[in-house]
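Asker: Mind looking at a prediction? Sequence and model below.
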Amino acid sequence: MSTNRLKELEQQARLLEMAPSKEPSIVDDIVEFTVQWIQSLPKEKSFYRDEDLKNLKGLKGFSEEGEGLAALLSEFNEEVLVPGINGGSGGHMGYIPGGGIYASALGDYLAAATNKYVGVYYAAPGAVKLENQLIKWMCNLVGLPESTSGGNLTSGGSMASLIAMVAARELSGVKAKDFERCAIYYTQHAHHSSTKAIINAGLKEAKIRHVPMDEKFRMKPLELQKMIEEDKERGLIPLMIMASAGTTDVGAVDPLDAIGEIANAHNIWYNVDAAYGGFFTLTEYGKKKLKGIEKADSVVIDPHKGLFLPFGSGAILVRDQKQLYNSQHLPANYMQDTMSNQGELSPADLSPELTKHFRGVRMWLPLRLLGIKPFRAALEEKLELARYFYQEVQKIPAIKVGPDPELSVFYFHFQPDGRDANLVTKQLLDEIHKDGRVFLSSTTIDGTFYIRVAILCFRTHLKHVQLALDIIREITSRITKSR
């Protein structure tokens, strides 16, 4: 190949180098677009159904030549941001969202622009130290021992649960031929990522033991104890107990302390799914409610929930980080240089991910920039908002509520006299979605259709709860009168 051709290709390739000094307007325009979007949130709906959007054209394809930014941002807004649930809206009270604080976006900008490879200590010792500092802070938050604990920042609770499952499997020493004799214990209200972790860890043939629950959907420790003892007598291998610190469906918190005692007595790996509820330990109420989480062998926790970070921010915390290393470390010839400098355990040796985003910056920057105080205040606010909503919604005629919220999730249904509760509750939810100013979700428990309230977006405040109550009052009144 001639040098002229190489120079020609270089000129074309240099278009990828969009240095801010050369293209200041692009950076400014994107920041301005983002700021305007955030400022518009109070005026925008929280949910747009597909049938309510008549101007969607679909995303355009890719071409050889580039396009202008203004047109791209307009298309991005209309085709991507508007349809569906507005995850940044304070009216989003249907699922357990994060909200995506702006300081985290700035952290992601730093991480992506500098593009540090944070998989191994040798390549980025400072970056690995930053992420390990965050992990140690979270371990301390849930009470895991300072000297041995560790973990890994993950894409979310699903990957964290898988890592915990593999660590438990490897520590147990069971072979593939014994998988069908393994027993794993959790309730029917455990997050379905737990089941996916079992499948992805190759344990699909294991015996799943759904432990009975009390009237608030919390695991019964005595029933757990009984099941373990019976399984041992049958020659089964109790492999893992999976407790919940805030179930997704109803927000239930299992009796973590009592379950931890049972796990310890039988030498069974104890995993606590605190993806949703873990960061409530920043509050005094949360510390008391989650007492016993410190007895866990592993804790799943999601900063993209309780710390309001962008989606893709999870973590697995373990009592003994050597268990992660033993279950995940695998050397490679081309990585031999990295063995010369191992000041701290590398993320690539603690999870299935070899190449990973430098996701720690999105958490580190807001914690350092803003301090912990506003996060604690926001969590306390969400707890109080859930209690207020729960109390006030009961004052609306024909609304029947479930158990009082242990954290910030509860459910209710609509049952006017003589009507099918499932049908009218579905009608109520459909009308709420059609209105769109707030978003609530649904679930079905024991054949009954319920509307779920999940308050965790950092932008959700009293005015949003009061708006939701007003909407429910208006719609239920209209449905009742329409008979």
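Answerer: Received the coordinates, thanks. Residues are numbered from 1 along each chain as shown.

Asker: Just the element for Phe224, please.
Answerer: Actually, residue 224 is Leu. It isn't Phe. helix 221-233 (DSSP states H and E).

Asker: quick one: Arg368 from Phe62, how far?
Answerer: 39 Å (CB to CB, to the nearest Å). Every residue, glycine included, has its C-beta placed from N, CA and C.

Asker: The two: who's more crowded?
Answerer: Arg368 (11 against 6; other CB atoms under 10 Å).

Asker: Assign the more buried one to helix, strand or coil.
Answerer: What DSSP: H, G, I helix; E, B strand; the rest coil gives for Arg368 is helix.

Asker: any idea of the pLDDT on it?
Answerer: Reported pLDDT at Arg368 in the predicted model: 97.

Asker: re the thing from before, so which other helices or strands are in contact with the helix holding Leu224?
Answerer: Under the contact criterion of 3 or more CB pairs under 8 Å, 6 or more residues apart in numbering; DSSP states H and E, helix 221-233 touches strand 182-186, strand 207-210, strand 237-244, helix 256-266.

Asker: now, of the ones you listed, which is deepest in the fold?
Answerer: strand 237-244 (a mean of 26; mean count of other CB atoms under 10 Å).

Asker: What is it packed up against?
Answerer: helix 157-172, strand 182-186, helix 221-233, helix 256-266, strand 269-274.

Asker: For stretch 276-286, which outside residues touch it?
Answerer: Residues from elsewhere that reach stretch 276-286, judged by CB atoms under 8 Å, 6 or more residues apart in numbering: 96, 138, 141-142, 245-248, 251, 253, 287, 289-290, 293, 299-303, 305-307, 372, 375-376, 379-380, 383, 407, 409, 456.

Asker: What subset of those residues is buried?
Answerer: Among the contacts of stretch 276-286, those buried by neighbour count (16 or more other CB atoms under 10 Å) are 96, 138, 141-142, 245-248, 251, 253, 289-290, 293, 299-303, 305-307, 375-376, 379-380, 383, 407, 409, 456.

Asker: Let's see which of those residues end up in helices.
Answerer: Within these, residues falling in helices by DSSP state H are Met138, Leu141, Val142, Lys289, Pro303, Lys305, Gly306, Phe375, Arg376, Leu379, Glu380, Leu383.

Asker: the domain parsing of this structure - what is it?
Answerer: Domains of the chain are assigned by automatic domain parsing as 26-94+372-483, 109-370.

Asker: Using a markdown table, lay out these together with distance to Arg5.
Answerer: Shown next, in a markdown table, are the domains of the chain (distance: least, CB to CB, whole Å):
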| stretch | distance to Arg5 |
| --- | --- |
| domain 26-94+372-483 | 18 |
| domain 109-370 | 28 |
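
Asker: what secondary structure does Ile451 sit in?
Answerer: strand.

Asker: isn't it right next to Val409, touching?
Answerer: No - using CB atoms under 8 Å, Ile451 makes no contact with Val409, being 11.7 Å away.

Asker: circling back: TSV for the helices and strands packed on helix 221-233, including mean pLDDT?
Answerer: TSV is the format used below for the helices and strands packed on helix 221-233 (pLDDT from 0 to 100):
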stretch	mean pLDDT
strand 182-186	97
strand 207-210	96
strand 237-244	97
helix 256-266	98
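
Asker: Out of those, flag the one nearest Arg387.
Answerer: Nearest to Arg387, of all the helices and strands packed on helix 221-233, is strand 237-244, at 20.2 Å by CB to CB.

Asker: what's stretch 186-197 in contact with?
Answerer: 157-158, 161-162, 164-165, 208-213, 217-219, 241-244, 247-250, 252, 254, 273, 275.

Asker: what's near enough to touch His210?
Answerer: Contacts of His210 (CB under 8 Å, 6+ apart): Tyr186, Thr187, Gln188.

Asker: got the contact list for Lys216?
Answerer: Taking CB under 8 Å, 6+ apart, one finds Val250, Ala252, Pro403, Glu406 in contact with Lys216.

Asker: one step back: from the domains of the chain, which stretch is densest packed?
Answerer: Most buried among the domains of the chain, given mean count of other CB under 10 Å as the contact rule, is domain 109-370, at a mean of 20.

Asker: Endpoint to endpoint, that domain covers what distance?
Answerer: Using CA to CA, to the nearest Å, one end of domain 109-370 lies 17 Å from the other.

Asker: can you check stretch 54-68 too?
Answerer: Note: stretch 54-68 ends 25 Å apart using CA to CA.
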